[in-house]
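Undergrad: Predicted structure and sequence below. I'll ask about it afterward.
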Amino acid sequence: MFNKPLRNHPTYILEKIGASFLFLALLAGNMLTANTQNMADLFSLHYWKMIFSQVLSGNFSVLLGSAGIMIFLFVVICVSALRWSRTFFHIEDELLFSERRTMLKKTSKLPVNSITTVNISQNLFEKIVGTAKVKIDINSAATADKSDFVFILKLSTAQQFKDALLSAQNKKEVQQDLPHTMLASFSTADALRHQLLSIPLVQIATAIAVFLPMFVGETAVLKDALTALAVSAVMYAGSLVFGVLNLADFRLETDGKRIFISHGKLRTQNYAFEKTRVKAVFLKQSLLARLFGFCSVELAVVGLGNEKNESPRLCLLVKKDRAQRLIDELLPAYTSKKKAIVSEKAALIPAFLLTALATAVVFAFTWGFPPYGYILSGAVLVLGIVSGALSQKTRTISLEENLICCSSGILNKKTGRFLYRDIQEARLHTNVLMQKGNFGRIGFSILSAKNVSMQKTGWFKAEIYDELSRKILK
């Protein structure tokens, strides 16, 4: 089926134009109807004859109004339709061909064995029309934050295309359909728990700081506060429902070689990638999740990226022991066994120096407004000292046999595990003050999306960096 050139589904035109088309169409319609009593006038030949006669007479200003927008939309649609009709793809000799046969020709030949992930996703519009996106990513740092190839096909065709690519990858292997083993599944209630426990404390504190003062005052102000609170509650509820529906029906499966992740009722996501493509494992905990002993697991997968900086989740929020069992069973190389080392107390020096500087700046601008200037300066000083001390206590590192583990986070905790063999570069960052005590911060990079590719630890003895360098070289 895919050995002959095929086109994307026609809805590819609409999705490429995007929401900007709808906005411009509404704007043009609004401008056109501003001075008319009959909608039929908008489609009359007389109107457009008048527009073109004005242009031919040299009055190009008419193109800055609704007529110009309509003409622009027409040109965009025509160009997009032409590009769609002249773009083809097919699979041949273990190569994926993508060809655009327009005036500016472009042909891409991608060996199927260089494909790292083949994912299928559906947004609400695609669910309505019965289509799906096939997102193909390759082992490339340059395109780590977006999909390298995106095709829009009927849902059944999209699944067949995905199977054809995976089959072409394994052409030299013994062909067999390996059974999928279910490792974890999560219900809508689990997705709701995940969303509620993932609320950032900063968001809660901001809401309290904004609405609490509004409830202290006159009745009229109180009514406004209740109205604003009700609107915010409705907006948050909508966001919560949307998030829950996008995580509902979460399933984690494996066939021994690959990992399969799927979730979402409103916007469906399907990930499929080989275990060897995983470059890091992250255990994440919000403050609320930490209080209840929950954590979630996310993966950094080489080549897998999109425009929203999303990372595939191995699981939703679960108890820490269950999260560890999933890692042990699915990715045993990322199992951590050693006790972590806490950042050196010398890390308090730069933290307190920055706090002193921030306090001095605040005091310089507010000293003329007692007592508020003194209160604000004192608050900055106390907050800086406390946050610096907590940051030093929560930044840890452990160098194990095959991997390095790094943790950080005062309120929201994040622990990353990285295999030495996947570290591309490591550096020791220090300054004049800290190098006297032989202290430094270790920075290293992995091949992944930009939002997780660079990592930096707390302050440690330089000997730890030397040990890390030896393990990387080994």
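TA: Good, I have the coordinates.

Undergrad: Out of the helices and strands in this structure, which is least certain?
TA: helix 19-33 (a mean of 58; mean pLDDT, DSSP states H and E).

Undergrad: Give me the pLDDT for Cys406.
TA: Per-residue pLDDT puts Cys406 at 94.

Undergrad: ok, now the one 5 residues further on?
TA: For Leu411, the pLDDT comes out at 85.

Undergrad: got the contact list for the residue lying closest to it once chain neighbours are set aside?
TA: What sits nearest to Leu411 in space, not counting adjacent residues and going by Cβ to Cβ, 6 or more residues apart in numbering, is Leu287, at 4.6 Å. (Glycine included, C-beta is placed from N, CA and C.) Contact analysis of Leu287 by Cβ atoms under 8 Å, 6 or more residues apart in numbering lists 200-201, 411-412.

Undergrad: And the helices in the stretch 101-250 of the chain, which stretches?
TA: Listed in chain order, the helices of the stretch 101-250 of the chain (DSSP state H, counting those that start in this stretch) span 124-129, 155-169, 188-197, 201-211, 219-247.

Undergrad: Those helices: lowest mean pLDDT?
TA: helix 201-211 (a mean of 71).

Undergrad: counting contacts, what elements does it pack onto?
TA: When contacts are defined as 3 or more Cβ pairs under 8 Å, 6 or more residues apart in numbering; DSSP states H and E, helix 201-211 packs onto helix 219-247.

Undergrad: Report the buried residues of the helix it packs on.
TA: Neighbour counts over helix 219-247 (16 or more other Cβ atoms under 10 Å) mark 225, 243-247 as buried.

Undergrad: Equivalent analysis for stretch 378-396, please.
TA: Per 16+ other Cβ under 10 Å, stretch 378-396 contains these buried residues: 380-381, 384-385, 388-389, 391-392, 394-396.

Undergrad: if you look at those residues, which of them are in helices?
TA: If you go by DSSP state H, these have 380-381, 384-385, 388-389, 391-392, 394 in helices.

Undergrad: Let me have these in TSV, extended by pLDDT.
TA: Output for these, formatted as TSV (pLDDT from 0 to 100):
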residue	pLDDT
Val380	91
Leu381	93
Gly384	92
Ile385	93
Gly388	91
Ala389	92
Ser391	90
Gln392	91
Thr394	92
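
Undergrad: nearest to Tyr236, of the residues you listed?
TA: Nearest to Tyr236 out of these is Thr394 (Cβ to Cβ; 28.9 Å).

Undergrad: Give me the sheet partners of the helix or strand containing Val281 and which way each runs.
TA: Element membership for Val281 (DSSP states H and E) is strand 278-285. Sheet pairing here is set by DSSP bridges, and for strand 278-285 it gives strand 294-301 (antiparallel), strand 413-419 (antiparallel).

Undergrad: Run through who's touching the last one.
TA: So that's strand 413-419. Residues contacting strand 413-419 (Cβ under 8 Å, 6+ apart): 279-285, 290, 333-334, 336, 394, 402-408, 444, 446, 452, 455.

Undergrad: what about 7 Å?
TA: 280-285, 290, 333-334, 336, 394, 402-408, 446, 455 (Cβ atoms under 7 Å, 6 or more residues apart in numbering).

Undergrad: quick one, which of the helices of the stretch 101-250 of the chain is nearest to Ala347?
TA: helix 201-211 (23.0 Å).

Undergrad: In the protein, where is pLDDT below threshold?
TA: For the chain, applying pLDDT under 70 flags the ranges 18-44, 46-48, 51, 55, 58-70, 139-147, 170-177, 210-222, 303-311, 449-451.

Undergrad: Against Glu253, how distant is Leu178?
TA: Distance, Leu178 to Glu253, by Cβ to Cβ, to the nearest Å: 11 Å.

Undergrad: now Arg441
TA: For Arg441, the distance to Glu253 - Cβ to Cβ - is 39 Å.

Undergrad: Next: Thr206.
TA: 39 Å.

Undergrad: So the two - more neighbours on which side?
TA: Glu253 (17 against 11; other Cβ atoms under 10 Å).

Undergrad: Is that one within a helix or a strand, and which one?
TA: Going by DSSP H and E, Glu253 is part of strand 250-254.

Undergrad: swap in Cys315?
TA: Per DSSP H and E: strand 313-319 holds Cys315.

Undergrad: Buried ones in that strand, by neighbour count?
TA: 313-318.

Undergrad: re earlier: in a markdown table: the buried residues of stretch 378-396, plus distance to Leu348.
TA: As requested, those are exported to a markdown table (distance: Cβ to Cβ, whole Å):
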| residue | distance to Leu348 |
| --- | --- |
| Val380 | 17 |
| Leu381 | 14 |
| Gly384 | 11 |
| Ile385 | 9 |
| Gly388 | 6 |
| Ala389 | 7 |
| Ser391 | 9 |
| Gln392 | 6 |
| Thr394 | 13 |
| Arg395 | 11 |
| Thr396 | 15 |
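
Undergrad: Show me which of these is closest to Lys265.
TA: Thr394 (36.4 Å).

Undergrad: just checking, that closest one touches Ser408?
TA: Yes - assessed by Cβ atoms under 7 Å, Thr394 is found in contact with Ser408 at 6.1 Å.

Undergrad: quick revisit: give me the buried positions along the strand holding Val281.
TA: Under 16+ other Cβ under 10 Å, the buried positions of strand 278-285 are 278-285.

Undergrad: could you check the angle helix 188-197 makes with it?
TA: 70 degrees (axes from the mean of the first three to the mean of the last three Cα atoms, to 10 degrees).
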